[in-house]
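> coordinates only, sequence not included:
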């Protein structure tokens, strides 16, 4: 497997995608809609002026990035969900398989094309994301970290969508299964956590008859693969503020930081009721486990795709077109 073979497949795949002008129109509409909504969100923040730091750039950055992540993950399944079975339906996949290209090169080349298209959609949102950076409300390092994590999550969904495309004969079915996978990561993980929460509780006896004590530290890992949790927890957060009330000095988390708020919540969930220490400033990180799970899922998806592209085929599944 060589980089030249991967590059050849990727360039051919991109040429095929851009052969018509529909992609250019869709990307232009995406750019206008996302950045327009980001600017409207900024105007609403300036009008409301609810920022704890008096800087609307911080909630704008977090809110826009979360919206861009969700929207991008909803668009991404259409990029890789028909890359394999779509070529089978058109009779063009066999043309690649009879060349000296290996199954791994074909799989990684097609993944690079769909991932690259997803990264273009992310780059088109930079005008609204970099405005808070230019104003100094968000550091350059923080912006780079969250953009890198977002790019990796887009690649994970592209890899999983491509695997469904290799497994299922019809592109409509594979795209639907890809959307269900994204739904499972975004909505299914919090739902599983909520369902498992009562099962994690222990009965504690007291003078009033006892009560149920929930142990979220036992089931925090159910939330870890969620892309929103991974992104929010990986992002460097704003420092806490010192609040003086009379003779009491306390720390207060900035309420205007959406990413930091989600991160503090999931780290408190991991710490649980028995993991809290008065002198501890922060709980253990969740995002390395979640991102690691997602990357392993993507690696398995690529390996599965490559295995489905091996030739010769001794048994052709029903409904699969060879050439």
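Here it is on my side, so go on. Everything numeric here is computed off the predicted structure, so don't read it as measured data.

> what's the spacing between residue 149 and residue 158?
15 Å (C-beta to C-beta, to the nearest Å). Every residue, glycine included, has its C-beta placed from N, CA and C.

> Compare those two (neighbour count), which wins?
Higher neighbour count among residue 149 and residue 158: residue 158, with 30 against 21, using other C-beta atoms under 10 Å.

> ok, now how distant is residue 105 from residue 162?
From residue 105 to residue 162 the distance is 14 Å (C-beta to C-beta).

> More neighbours: which of these two?
Between residue 105 and residue 162, counted using other C-beta under 10 Å, the more crowded position is residue 162 (32 against 24).

> Run a quick check on that one versus residue 305, I expect a contact.
Yes - assessed by C-beta atoms under 8 Å, residue 162 is found in contact with residue 305 at 5.3 Å.

> What ranges does this structure have for its helices?
3-17, 22-48, 57-75, 77-80, 85-90, 93-97, 103-123, 126-135, 140-167, 171-183, 189-196, 227-234, 258-271, 287-308 (DSSP state H).

> Export those as CSV, with columns for distance to residue 213.
As requested, the helices of the chain are arranged in CSV below (distance: least, C-beta to C-beta, whole Å):
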stretch, distance to residue 213
helix 3-17, 53
helix 22-48, 39
helix 57-75, 32
helix 77-80, 40
helix 85-90, 50
helix 93-97, 56
helix 103-123, 43
helix 126-135, 41
helix 140-167, 34
helix 171-183, 32
helix 189-196, 15
helix 227-234, 24
helix 258-271, 14
helix 287-308, 24
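
> Residue 220: which of the ones you listed is closest?
Closest approach to residue 220 among the helices of the chain is made by helix 258-271 (4.1 Å; C-beta to C-beta).

> Please spell out which residues along that closest one are buried.
Buried residues in helix 258-271, counted by 16 or more other C-beta atoms under 10 Å: 258-264, 266-271.

> now, which of the residues you listed sits nearest residue 126?
Closest approach between the buried residues of helix 258-271 and residue 126, by C-beta to C-beta: residue 259, at 17.1 Å.

> That closest one touches residue 228, doesn't it?
No - counting by C-beta under 8 Å, residue 259 does not reach residue 228; the two are 9.4 Å apart.

> Quickly list what's touching both of those two.
Here residue 259 and residue 228 have residue 66 as joint contacts, going by C-beta atoms under 8 Å, 6 or more residues apart in numbering.

> Counting neighbours, what do you get for residue 6?
22.

> repeat for residue 25
With other C-beta under 10 Å as criterion, residue 25 counts 10.

> Over to residue 83?
27.

> And it, its phi and psi?
Dihedral pair for residue 83: phi -70, psi -30, per degrees, to the nearest 10.

> Find the nearest non-adjacent residue to it, please.
Nearest residue to residue 83, sequence neighbours excluded (C-beta to C-beta, 6 or more residues apart in numbering): residue 110, at 4.6 Å.

> How many residues are close by that neighbour?
28.

> if we can go back for a sec, the helices of the chain: which one's closest to residue 221?
helix 287-308 (6.4 Å).

> now residue 72: how far from residue 120?
10 Å.

> In terms of neighbours, single out the busier of those two.
Taking other C-beta under 10 Å, residue 72 and residue 120 do not tie; residue 72 has more neighbours (22 against 13).

> residue contacts, that one?
118, 121-122, 150, 154.

> and what of residue 142?
Residue 142 touches 235-236, counting by C-beta under 8 Å, 6+ apart.

> again, only using 6 Å
residue 236 (C-beta atoms under 6 Å, 6 or more residues apart in numbering).

> I figured residue 189 hits residue 226, correct?
Yes - checked against C-beta atoms under 6 Å, the pair residue 189 and residue 226 is within contact range at 4.4 Å.

> Pick out whichever of these two has more residues nearby.
Taking neighbours as other C-beta under 10 Å, residue 189 and residue 226 compare with residue 226 leading, 24 against 20.

> so what's the backbone phi/psi at that one?
The phi/psi pair for residue 226 (degrees, to the nearest 10) reads phi -60, psi 130.
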